[in-house]
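Colleague: need a 3D model of the sequence below.
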Amino acid sequence: MTHAAERTVRRWLVRAEGTALGLTVLAAVIIALVAALMGGWPAARSGLLGAGDVVVFFALGVLFDVWAARDAQVIGMFVVLAGYGVRIGLLTGVAFLLAQTSWLSSVNWFAIGVGVATLTWLVGLVVGHMSGRWPVYDLTVTAGVGA
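Modeller: Numbering: from 1, shown residues only. As a prediction, this is how the structure comes out:
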C-alpha cells in the first residue's frame, strides 16, 4: 500500500516533468517548422535531431527520477540532482558525436535544437512545479498519534 507522501511525489514528478516534456515536444515542432522555412527539410531534420537528443535524455531521466525519489529520503533527492548533472554531460557528449556524423546537414540548426529544447525543458519544469498544489502533510496519519 502506498502512502500519501509516495503518491504526492509521483504526482509531482508526473506534473512537473510531463509539463516539461509537452513543452519541449512543442518547441521541437516549432524548431522544425522554422528550420524548414529558412533552410529546407535537411535543416529541419538537423533541428529535430538536436531537440530529439534533449527529449530522449531528459525523458529517460524521468524514469531515473521516479526510482530515486521513491524513497523520500535526503539521498534520493541528491541522486535526482546528480542525475540531472550526468544527463547534461551525456547530452553534450552525444551532441558532439552527432555533429561529427553525416546525419546532420546543419550543425547550426542542430545546436539551435539542443539549446532551445534544453531551455524549454527547464522552463517546463519550473512551470510544472509552480502550477502544482502539493500537500505538505501525510493524509494517512491515524488518530491519537502525536496527540
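Colleague: do you know the pLDDT at the residue nearest the centre of the chain?
Modeller: Here the mean C-alpha position of the chain is nearest to the C-alpha of Phe58 (Cα atoms, centre = their mean), at a distance of 3.9 Å. Note on Phe58: pLDDT of 82.
Colleague: give me the element it is part of.
Modeller: Phe58 belongs to helix 41-69 when assigned by DSSP states H and E.
Colleague: quick one on the thing from earlier: spit out the contact partners of the residue nearest to the centre of the chain.
Modeller: Neighbouring residues of Phe58 by Cβ atoms under 8 Å, 6 or more residues apart in numbering: Glu17, Ala20, Leu21, Thr24, Arg87, Trp121. Where you see a C-beta, it was placed from the backbone N, CA and C, and this is true even at glycine.
Colleague: ok, and for the helix or strand just after the helix holding Phe58, which residues are buried?
Modeller: Scanning forward in sequence from helix 41-69 by DSSP H and E, the next helix or strand is helix 74-99. The neighbour-count check on helix 74-99 (16 or more other Cβ atoms under 10 Å) flags Gly76, Val79, Val80, Gly83, Arg87, Leu91, Ala95, Leu98, Ala99 as buried.
Colleague: lowest-confidence entry in those residues?
Modeller: Ranked by pLDDT, the buried residues of helix 74-99 bottom out at Gly76 (70).
Colleague: helices or strands up against the lengthiest helix in the chain?
Modeller: Longest helix in the chain, counting residues (DSSP state H): helix 4-39. The contact analysis (3 or more Cβ pairs under 8 Å, 6 or more residues apart in numbering; DSSP states H and E) places helix 4-39 against helix 41-69, helix 107-131.
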